[in-house]
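Participant: Curious how this folds, go ahead:
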Amino acid sequence: MNLQQHCTGFEDAGGMSRRRLLQQFGMGFGSIALADILSGRQSDAAESNAHQPRPKAKQIIYLFQSGGPSQMDLFDYKPLLNKMHGQQLPAEVRMGQRLTGMSGNQASLPLVGSPFAFKQHGDSGAWLSETLPHIAEIADELCFVKSMHTPAINHGPGVTFMQTGSQFPGRPSMGAWLDYGLGTENQNLPSFVVMVTKDKGGQPLVSRLWGSGFLPSKHQGVRFRAGTEPVLYVNNPDGLDGASKRRMLDALQQLHRSQLADGADPILETEIAQHELAFRMQSSIPEVTDVSSEPDHVFEMYGNDSRTPGTFAANCLLARRLCEQGVRFIQLYHPGWDQHGGLPGGIANQSRETDQASAALVRDLGQRGLLEDTIVVWGGEFGRTNYCQGHLSKNFGRDHHPRCFTMWLAGGGIKPGMTYGETDELGYNVATDPVSVHDLHATLLHQLGIDHKQLTYRYQGRRFRLTDVEGELVEPILS
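Facilitator: This next block holds a predicted model:
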């Protein structure tokens, strides 16, 4: 247990600040350690490295498909469901499980098979829908987890749970936990970057999903936007040049340091660090977001949309560039998967927007030697029902389904070319090897060298963690 771990719980105890405690501890050597922490130490986490697993990865790129992609129309082939198309969902399959208010009052719950053809691909024989031809080509690079499940049945709690480990707002996001636990490998860029596909409808995606919760605010995600100002309020206002901004920051920092001499102030310390990072980002952000130097064959690999800033394809390409710069956690959100109606056309459109770029990202990382140290995650907050919402028609829809859904992972010590877990013959319940959201989080942290039970933060009298009081490693998918 290191010095900072001993002192984590004393920030507001007995009226003694952490800085003053450290100054009095060990004849002042504590204050030297704190100075080292504040001057760029990699991590703010208060845990001993001796108890942590050996890291297999350094970074995560999370391709979050907001809205709940339909697993049986993309990955989870169910021929029996097609044969029973139009028949009622058997009571022994549903087992009285709750439904949303959107289909819970239906007098009829007719099963509906997928309108898309499925084939097996690669040496692994992974089943994939015809809507995903590019992902099918890299099937042997992927690990499909078909037995995901979640307690959340609606979008708000579902997305929040997947991003923060809790259905209730206010907890730190996964990227914030990683920044807190591991710090950054690039002092000129944020450790946690977020991009949302522009001009997409669907469920709202709010900033708390990539927030820091009760962790210091410096750990929250920084959103990159399409356009001339990728990060808001970083550029100097008209009439203020770089030299003047530097003098202003130096004077401001001198005032802040004078105030800190009287005692620690975590908020003020964060403000100093954020001012300095923003100044450095004035040159680093334009450099990393300028894709003009990318050769034509790279744009062709990601697809034509990759030339248009803010599209999912362009964001995937930018994610690779950020990965090259050592950004720890890169979160892409792509809304629009909420097909309560018009599913055949909706799934086809969503697949066109995401299939090629998702596969290109995995390929590109592999070609550049980055996939070994980077985990790519693809998935949404829950799945879809095997029955039709509303009346059965060619333009049918599916309701939310938390009981089972599919995600895929690649790289970073995850076994390639395998499928883990399975659902029942109708795709309604997990049949073998269930994987909870907490299990997924625990496994991702483990691959980055973090024991999920050890990464904690004391808040309001208890120690919190991303996995709360649950979570087990999914060891069979680890190489």
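
Participant: Which residue ranges of the stretch 301-450 of the chain form strands?
Facilitator: Per DSSP state E, counting those that start in this stretch, the stretch 301-450 of the chain carries strands over the ranges 329-334, 374-379, 383-384, 400-401, 405-410, 418-420, 422-423, 430-432, 435-436.

Participant: Could you tell me the angle between the first one and strand 374-379?
Facilitator: With axes from the mean of the first three to the mean of the last three CA atoms, to 10 degrees defining the directions, strand 329-334 sits at 30 degrees from strand 374-379.

Participant: Can you pull out the residues in contact with strand 329-334?
Facilitator: By CB atoms under 8 Å, 6 or more residues apart in numbering, the surrounding residues in contact with strand 329-334 are 59-66, 174-175, 178-179, 191-197, 200, 205, 209-210, 221, 312, 315-316, 319, 322-323, 350, 353-354. For glycine as for every other residue, the C-beta is placed from the backbone atoms N, C-alpha and C.

Participant: what about the strands of the stretch 301-450 of the chain, which gets the closest to Arg98?
Facilitator: strand 400-401 (10.7 Å; CB to CB).

Participant: quick check: mean pLDDT across that closest one?
Facilitator: Across strand 400-401, the average pLDDT comes to 98.

Participant: What pairs with it, parallel or antiparallel?
Facilitator: Paired strands of strand 400-401, with direction, are strand 383-384 (antiparallel) (DSSP bridges).

Participant: For the partner strand, the averaged confidence score.
Facilitator: pLDDT averaged over strand 383-384 gives 98.

Participant: same thing with stretch 67-74?
Facilitator: pLDDT averaged over stretch 67-74 gives 98.

Participant: one step back: most neighbours per residue, which of the strands of the stretch 301-450 of the chain?
Facilitator: strand 383-384 (a mean of 30; mean count of other CB atoms under 10 Å).

Participant: Out of the strands of the stretch 301-450 of the chain, which gets nearest to Gly101?
Facilitator: Of all the strands of the stretch 301-450 of the chain, strand 400-401 comes closest under CB to CB, at 10.3 Å.

Participant: Need the contact partners of that closest one.
Facilitator: 68, 100, 102, 153-155, 158, 382-386, 428.

Participant: how about a cut-off of 7 Å?
Facilitator: 68, 100, 153-154, 382-385 (CB atoms under 7 Å, 6 or more residues apart in numbering).

Participant: care to break the chain down by domain?
Facilitator: 1-41, 56-234+280-477 (automatic domain parsing).

Participant: where do the helices sit along the stretch 151-300 of the chain?
Facilitator: Ranges of helices within the stretch 151-300 of the chain are 155-164, 174-182, 242-260, 266-289, 296-302, based on DSSP state H, counting those that start in this stretch.

Participant: brain fart, the stretch 351-479 of the chain
Facilitator: Using DSSP H, counting those that start in this stretch, helices in the stretch 351-479 of the chain cover 437-447.

Participant: go on, the stretch 1-150 of the chain?
Facilitator: 3-7, 18-24, 29-38, 79-83, 91-94, 133-137.

Participant: so of the domains of the chain, which one's packed in deepest?
Facilitator: Counting by mean count of other CB under 10 Å, the most buried of the domains of the chain turns out to be domain 56-234+280-477, with a mean of 20.

Participant: Distance across it, terminal residue to terminal residue?
Facilitator: Domain 56-234+280-477 has an end-to-end distance of 13 Å (criterion: CA to CA, to the nearest Å).

Participant: State the mean pLDDT of stretch 290-306.
Facilitator: 96.

Participant: Can you tell me what sits against that stretch?
Facilitator: 307, 311, 313-314, 316-317, 356-357, 360, 363-364.

Participant: With stretch 425-433 instead?
Facilitator: So stretch 425-433 is contacted by 71-72, 76, 78, 80-81, 93-94, 111, 147, 149, 386, 403-404, 420-424 (CB under 7 Å, 6+ apart).

Participant: so how far is the first residue of it from its last?
Facilitator: Chord length of stretch 425-433, first to last residue, is 15 Å (CA to CA).

Participant: ok so, going back, please dump the strands of the stretch 301-450 of the chain into JSON lines; it should also carry distance to Tyr457 for every row.
Facilitator: Putting these into JSON lines (distance: least, CB to CB, whole Å) gives the following:
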{"stretch": "strand 329-334", "distance to Tyr457": "17"}
{"stretch": "strand 374-379", "distance to Tyr457": "23"}
{"stretch": "strand 383-384", "distance to Tyr457": "31"}
{"stretch": "strand 400-401", "distance to Tyr457": "31"}
{"stretch": "strand 405-410", "distance to Tyr457": "26"}
{"stretch": "strand 418-420", "distance to Tyr457": "31"}
{"stretch": "strand 422-423", "distance to Tyr457": "36"}
{"stretch": "strand 430-432", "distance to Tyr457": "31"}
{"stretch": "strand 435-436", "distance to Tyr457": "22"}
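
Participant: Looking at those strands, which is nearest to Glu271?
Facilitator: strand 329-334 (22.3 Å).

Participant: what about stretch 385-394, how long is it end to end?
Facilitator: 16 Å.

Participant: confidence score at the residue nearest to Ser217 when sequence neighbours are not counted?
Facilitator: Distance criterion CB to CB, 6 or more residues apart in numbering; nearest residue to Ser217, sequence neighbours excluded, is Thr270 at 5.7 Å. We have a pLDDT of 70 for Thr270.

Participant: which ones are touching Thr270?
Facilitator: Per CB under 7 Å, 6+ apart, neighbours of Thr270: 216-218.

Participant: any chance you could map the strands in the stretch 1-150 of the chain?
Facilitator: 59-65, 118-121, 126-129, 143-149.

Participant: Output the contacting helices and strands for the third one.
Facilitator: With contacts defined as 3 or more CB pairs under 7 Å, 6 or more residues apart in numbering; DSSP states H and E, the packing partners of strand 126-129 are strand 118-121.

Participant: can you list the residues that contact the strand it packs on?
Facilitator: In contact with strand 118-121 (CB under 7 Å, 6+ apart) are residues 77, 126-129, 136, 139.

Participant: Which residue lies nearest the spatial centre of the protein?
Facilitator: Tyr62 (4.2 Å; CA atoms, centre = their mean).

Participant: My guess is that residue contacts Val377. True?
Facilitator: Yes. Tyr62 is within contact range of Val377, at 4.6 Å (criterion: CB atoms under 7 Å).
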